[in-house]
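J.: Next input, structure requested:
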Amino acid sequence: MVGKITLRYKKRRLATLCGALVFTLNVQAAKLAILFDDFGYQAKNENQVLKMPINVSVAIFPNAPDSQQMMEKAHQQGREILIHLPMQPISKQPLEKNTLTPDMSSQEVKRIVDQAIASIPYAVGINNHQGSKMTSSLSGMQNVMQAMAPHHLFFLDSMTIAGTKSVQAAQGTSVKVIKRNVFLDDVQNDAEIRHQFDRAIALARRNGFAIAIGHPHPTTVAVVQQELAHLPPDIQLVRPSDLLNATVSRDPRPVPMPAPAKPAKPKPPKAKGIRTCPVTQPVPQVYAGALFSVLGDSIKNSPVVSFIERQWTDWGKSPTSSK
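T.: Numbering: from 1, shown residues only. Predicted coordinates for the structure are as follows:
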């Protein structure tokens with residue numbers, strides 16, 4: 001009888017230890033959000049994106065030829081959808097229909113925003129297409145935020161310029177703002193896309209979360225599919241909206257980043273008609289942490305691990321029998 005009681009006791013303790021360990025790992029997991037924007041021009045490649053895990057999100061042009069088709073498919077999957085809203089860049093290049101500009105009146109901005117939301121009704125947020133001139137205009141972005149507020153959408157700043165005014169413009173409104181950390185495919189070759197994917201993971205580990213944006217080019221789609229199949233166990237794939245209340249929670253000490261890919265001549269995209277979001281100002285290099293060292297220190301010093309250690313010390317002891 002004593003032997004059976006001891007065995008049951010050990011089983012219960014083992015279950016407690018396993019549960020505590022799983023809880024600890026879940027708490028420590030770094031969050032990574034991946035968004036593919038420029039949807040609506042390359043249905044073939046976009047359909048490949050829709051084969052990725054459900055937490056990979058998409059941003060769809062309001063007026064592109066395949067926008068409605070891709071929106072319906074993504075919605076049926078339960079995938080998170082954003083509106084990819086065209087905004088004026090500093091550089092001179094072809095503009096999408098209804099591109100927002102800083103000199104527009106608040107009424108004109110509201111008309112375009114309302115129309116875009118009506119075109120992509122399943123959207124939960126908006127991110128900017130191009131837009132370095134627009135997003136660096138405080139008055140222009142205030143018009144955008146005021147137009148967005150009644151629709152209860154969030155704004156994901158694509159960070160096409162360092163001097164963006166999105167956060168300041170959202171003050172006093174109900175609009176929440178999050179920012180892109182990494183562009184996966186500014187340079188469209190296999191090695192550089194992998195390097196940027198690794199950089200996103202390193203940033204997520206350092207800060208607790210990261211947002212990476214890519215475009216539906218064949219090379220980007222192929223690389224991201226491969227990388228997601230081998231996503232490290234300490235990285236949790238999430239939707240952009242899951243990061244609306246995220247705060248930096250990791251040790252910010254800089255440590256070496258993954259080695260950069262060797263320079264290679266970018267291959268021009270085969271498909272025609274798509275216009276990506278170029279960065280008009282270089283984003284400063286961000287250094288990320290000793291990867292698992294910070295994670296290991298955090299787990300080692302957590303109350304849960306202390307509890308596990310105490311339980312392990314008493315592993316071989318039988319429970320005290322009551323009289």
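J.: and residue 70, how far is that from residue 241?
T.: Residue 70 sits 19 Å away from residue 241, going by C-beta to C-beta, to the nearest Å. Every C-beta, even on glycine, is put in place using the N, C-alpha and C of the backbone.
J.: Between those two, which has more neighbouring residues?
T.: residue 70 (25 against 18; other C-beta atoms under 10 Å).
J.: Now name the helix or strand holding the more buried one.
T.: Assigned by DSSP states H and E, residue 70 belongs to helix 67-77.
J.: mind listing the helices for the stretch 1-150 of the chain?
T.: With helices called from DSSP state H, counting those that start in this stretch, the stretch 1-150 of the chain shows them at 2-28, 43-49, 67-77, 106-119, 132-135, 138-148.
J.: Which of those comes out lowest on mean pLDDT?
T.: Comparing mean pLDDT across these, the weakest is helix 2-28, with a mean of 48.
J.: can you give me the helices in the stretch 151-300 of the chain?
T.: Applying DSSP H, counting those that start in this stretch to the stretch 151-300 of the chain gives helices spanning 166-170, 190-207, 218-229, 292-300.
J.: Return the most buried member of those.
T.: By mean neighbour count, with neighbours taken as mean count of other C-beta atoms under 10 Å, helix 190-207 ranks first of these at a mean of 22.
J.: so what secondary structure elements neighbour that helix?
T.: On a contact count with 3 or more C-beta pairs under 8 Å, 6 or more residues apart in numbering; DSSP states H and E, helix 190-207 meets strand 30-39, strand 182-183, strand 209-214, helix 218-229, strand 235-238, helix 292-300.
J.: Which among the ones you listed is found nearest to residue 111?
T.: Closest to residue 111 of those is strand 30-39 (C-beta to C-beta; 22.6 Å).
J.: Give me the below-cutoff pLDDT ranges for the protein.
T.: By pLDDT under 70, the low-scoring segments of the chain are 1-28, 248-323.
J.: Please repeat the previous calculation with a cut-off of 50.
T.: 5, 9, 11-12, 14-26, 250-256, 269-274, 281-308, 311-313, 315-323 (pLDDT under 50).
J.: on that earlier part again, now tabulate the helices of the stretch 151-300 of the chain in JSON lines and tack on distance to residue 180.
T.: Formatted as JSON lines, the helices of the stretch 151-300 of the chain follow (distance: least, C-beta to C-beta, whole Å):
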{"stretch": "helix 166-170", "distance to residue 180": "11"}
{"stretch": "helix 190-207", "distance to residue 180": "10"}
{"stretch": "helix 218-229", "distance to residue 180": "15"}
{"stretch": "helix 292-300", "distance to residue 180": "23"}
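J.: Could you point out the bridge partners of residue 60 in the sheet?
T.: For residue 60, the beta-bridge partners are residue 39, residue 83 (DSSP bridges).
J.: looking at it, it is touching residue 41, isn't it?
T.: No. Residue 60 lies out of contact with residue 41 (C-beta atoms under 8 Å); the separation is 10.2 Å.
J.: out of these two, which sits in the busier spot?
T.: Using other C-beta under 10 Å, the more surrounded residue of residue 60 and residue 41 is residue 60, with 28 against 20.
J.: what's that one in contact with, if anything?
T.: Contact partners of residue 60, counting by C-beta atoms under 8 Å, 6 or more residues apart in numbering, are 39, 40, 67, 70, 71, 74, 81, 82, 83, 84, 120, 123.
J.: hmm, try it at 6 Å
T.: 39, 40, 67, 70, 71, 84, 120 (C-beta atoms under 6 Å, 6 or more residues apart in numbering).
J.: any idea how far it is from residue 143?
T.: Using C-beta to C-beta, we find residue 60 at a distance of 22 Å from residue 143.
J.: Please apply the same query to residue 121.
T.: To residue 143, residue 121 is 22 Å away according to C-beta to C-beta.
J.: go on, residue 201?
T.: 36 Å.
J.: Over to residue 170?
T.: Separation of residue 170 from residue 143 (C-beta to C-beta) stands at 12 Å.
J.: again, but for residue 115
T.: 15 Å.
J.: again, but for residue 219
T.: Separation of residue 219 from residue 143 (C-beta to C-beta): 37 Å.
J.: again, but for residue 110
T.: Distance of residue 110 to residue 143, computed by C-beta to C-beta: 7 Å.
J.: How about residue 192?
T.: Distance, residue 192 to residue 143, using C-beta to C-beta: 36 Å.
J.: got it, and residue 101?
T.: Separation of residue 101 from residue 143 (C-beta to C-beta): 10 Å.
J.: More neighbours: which of the two?
T.: Between residue 101 and residue 143, counted using other C-beta under 10 Å, the more crowded position is residue 143 (24 against 17).
J.: Fine, thanks again, bye for now.
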